[in-house]
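Asker: Turn this into a model:
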Amino acid sequence: MKRSKDLIISQILLVCAKGANKTKIVYQANLNFRTVDPYLKLLMERGLINAKREPNLIYQTTEKGEELLGSLKAIQREIY
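Answerer: Residues are numbered from 1 along each chain as shown. Purely as a prediction, here's the structure:
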């Protein structure tokens with residue numbers, strides 16, 4: 001069964017909560033490198049994650065992203 005976009009987004013936000021590079025996001029959110037890029041771009045444009053160089057690119061969930069993650073989890077508990 002195909003996962004919904006909101007489920008994928010919540011998994012990415014969860015992985016990035018403690019900081020993660022793209023490889024970690026791909027493996028823990030069960031994505032591939034081609035499909036993860038549009039999600040990362042969308043989340044950065046919306047201010048839900050930040051990207052930092054330290055020395056490699058690390059993605060971190062923002063406060064706004066954590067609020068959304070909480071809301072998505074609540075919705076998913078009701079649906080799934």
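
Asker: List the contacts of the one residue sitting closest to the centre of the chain.
Answerer: Central residue of the chain (C-alpha atoms, centre = their mean): Ile12, 2.1 Å from the mean position. Ile12 sits next to Ile25, Ala29, Val36, Tyr39, Leu40, Leu43, Ile49 when contact means C-beta atoms under 8 Å, 6 or more residues apart in numbering. Placement of C-beta: from N, CA and C, glycine included.

Asker: which non-adjacent residue is nearest Gln28?
Answerer: Val15 (4.6 Å; C-beta to C-beta, 6 or more residues apart in numbering).

Asker: Please identify which helix or strand holds that neighbour.
Answerer: Under the criterion of DSSP states H and E, Val15 resides in helix 5-16.

Asker: Show me which positions of that helix end up buried.
Answerer: Buried residues in helix 5-16, counted by 16 or more other C-beta atoms under 10 Å: Ile8, Ile9, Ser10, Gln11, Ile12, Leu13, Leu14, Val15, Cys16.

Asker: Read off the pLDDT value for Met1.
Answerer: Confidence at Met1, expressed as pLDDT, is 66.

Asker: Check which element follows the helix holding Val15 along the chain.
Answerer: Downstream of helix 5-16 (by DSSP H and E), the next one is helix 22-28.

Asker: May I see the buried residues of that next one?
Answerer: Using 16+ other C-beta under 10 Å as the burial criterion, the residues of helix 22-28 that qualify are Lys22, Ile25, Val26.

Asker: just curious, which of those residues is nearest to Leu68?
Answerer: Lowest distance from Leu68 to the buried residues of helix 22-28 (C-beta to C-beta) belongs to Ile25, with 16.4 Å.

Asker: what's the closest non-adjacent residue to that closest one?
Answerer: Distances taken as C-beta to C-beta, 6+ apart put Val15 closest to Ile25, at 5.2 Å, once the chain neighbours are dropped.

Asker: Could you tell me what pLDDT the model assigned to the one you found?
Answerer: With respect to pLDDT, Val15 has a value of 98.
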